[in-house]
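Undergrad: Sequence and predicted model, in that order:
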Amino acid sequence: MADSNSGLKPLSDKVIMVTGASSGIGAAIATRLAKLGGKIALVGRRESELMKYVKQIKEENGIGIAVAADVTKRDEVFEMVRHTELSLGPVDILVNSAGVMYYTYMKSLHYDEWEQQIDINCKGLTTCVGAVLEGMISRKQGHIVNISSDAGKRGFPGLAVYSGTKFYVEGLSQALRHEVKEYGLRVTCIQPGDVKTNLLQHTTDLEAKKEFDGSETCKILEADDVAKAVEYAVLQPSYVGVNEIMVEPQRSPI
Ligand SMILES: NC(=O)C1=CN([C@@H]2O[C@H](COP(=O)(O)OP(=O)(O)OC[C@H]3O[C@@H](n4cnc5c(N)ncnc54)[C@H](OP(=O)(O)O)[C@@H]3O)[C@@H](O)[C@H]2O)C=CC1
Ligand SMILES: CC(=O)[C@H](N)C(=O)O
């Protein structure tokens, strides 16, 4: 991390890859960390959306590149890391924010939506971790930040499969943290409650959404509230592991 007396910004020497950066929480994290000097690779499938945030970062004199990739495709994930490392340098911080959520009753049997949540939230995140892990271990430094959910701490009705995917993220992160501590790596889980983003827009089981979605009953979080939690975690000195941060609307604790 840059010395506070050097005039450099605190993340000036860091290459940061953010998945899910074309929207919502990932975009807020990418733009916030760019302001702190991080060189950001913004990952998502929609390059046109990524480019909007790259443009914003550049207008604010930051460094950002768009890397179009589908995290469920292993070859695309490897290529996204290769491209980032050639363009910006080795990845110091990986933020896994790519994810989907569908409100649905289990009894509605939305098999395709179940599979998409497992493929993106679990398998995609795991592949992204795998793609940077060897390099981080060999350099003996790195930080993996997983955007989990408060649904990774409590099963929410209407979100059974989604909650399961976030319990997976929590379990993987906890075990990985132990495996990599000897190499100086850190693993952080951020557990947001409801945040104002496009996440809810994909739900098709409107009966389940009506029954269980409480996001309109109180003031919910802004994406940048979550980005601030990530900022806190990545700015700590290397001996400090911020393992979990749960950040929820004040009126809606789990
Ligand atoms: N909003 C909320 O209330 C909460 C959200 N979260 C978590 O935060 C994370 C981000 O969600 P949020 O910002 O709210 O939702 P958005 O829908 O706004 O963003 C989702 C992001 O994931 C990306 N994405 C989806 N599928 C893929 C894929 N196959 N490959 C690459 N990128 C993909 C999308 O990009 P593209 O379509 O371009 O590929 C998009 O950038 C998720 O993991 C979610 O579970 C956790 C707690 C609360
Ligand atoms: C349980 C939830 O709805 C949580 N806010 C999330 O979107 O992950």
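TA: Yep, it's here. Ligands and ions are numbered 1, 2, ... in the order given.

Undergrad: Residues touching the helix or strand V169 falls within, excluding its own?
TA: Assessed by DSSP states H and E, V169 sits inside helix 160-180. Around helix 160-180, the neighbours that count as contacts under Cβ atoms under 8 Å, 6 or more residues apart in numbering are 99, 101-102, 104, 106, 113-114, 117-118, 121-122, 125-126, 129, 133, 136-137, 142, 144, 146, 148-149, 151-156, 186-189, 241, 243. Quick note: C-beta positions are derived from backbone N, CA and C, even for glycine.

Undergrad: ok, now stretch 231-250?
TA: Here stretch 231-250 makes contact (Cβ under 8 Å, 6+ apart) with 1, 10-11, 14, 16, 32-33, 36, 93, 141, 143, 145, 150, 153, 177, 181, 184, 186-194, 218-221, 225-226, 229, 254.

Undergrad: neighbours of E216, just the number please.
TA: Using other Cβ atoms under 10 Å, E216 is surrounded by 8 other residues.

Undergrad: Do you know the pLDDT at it?
TA: What the model reports as pLDDT for E216 is 91.

Undergrad: Now do the SS call for it.
TA: coil (DSSP: H, G, I helix; E, B strand; the rest coil).

Undergrad: ok, it to ligand 2 distance?
TA: Computed with Cβ to the nearest ligand atom, to the nearest Å, the distance linking E216 and ligand 2 is 12 Å.

Undergrad: and what of G193?
TA: According to Cβ to the nearest ligand atom, G193 stands 5 Å off from ligand 2.

Undergrad: same question, P253
TA: 12 Å.

Undergrad: Please apply the same query to L172.
TA: Going from L172 to ligand 2 by Cβ to the nearest ligand atom gives 17 Å.

Undergrad: What count of nearby residues applies to that residue?
TA: There are 19 residues near L172, going by other Cβ under 10 Å.

Undergrad: quick one: pLDDT of it?
TA: 99.

Undergrad: Tell me the first helix or strand C-terminal of the helix holding V169.
TA: Next along from helix 160-180, by DSSP H and E: strand 185-192.

Undergrad: M136: what's its closest spatial neighbour, skipping adjacent residues?
TA: With Cβ to Cβ, 6 or more residues apart in numbering as the criterion, M136 has its nearest non-adjacent residue at 2.9 Å, and that residue is G142.

Undergrad: Surely the one you found is in contact with V129?
TA: No. In this structure, G142 is not within contact of V129 by Cβ atoms under 8 Å, at 10.3 Å.

Undergrad: who are the neighbours in contact with the closest residue to F212 other than its chain neighbours?
TA: Leaving aside its sequence neighbours, F212 sits nearest to G158 (Cβ to Cβ, 6+ apart; 3.1 Å). Contacts of G158 were listed using Cβ under 8 Å, 6+ apart, and they are Y103, T104, Y105, A208, K209, E211, F212, D213.
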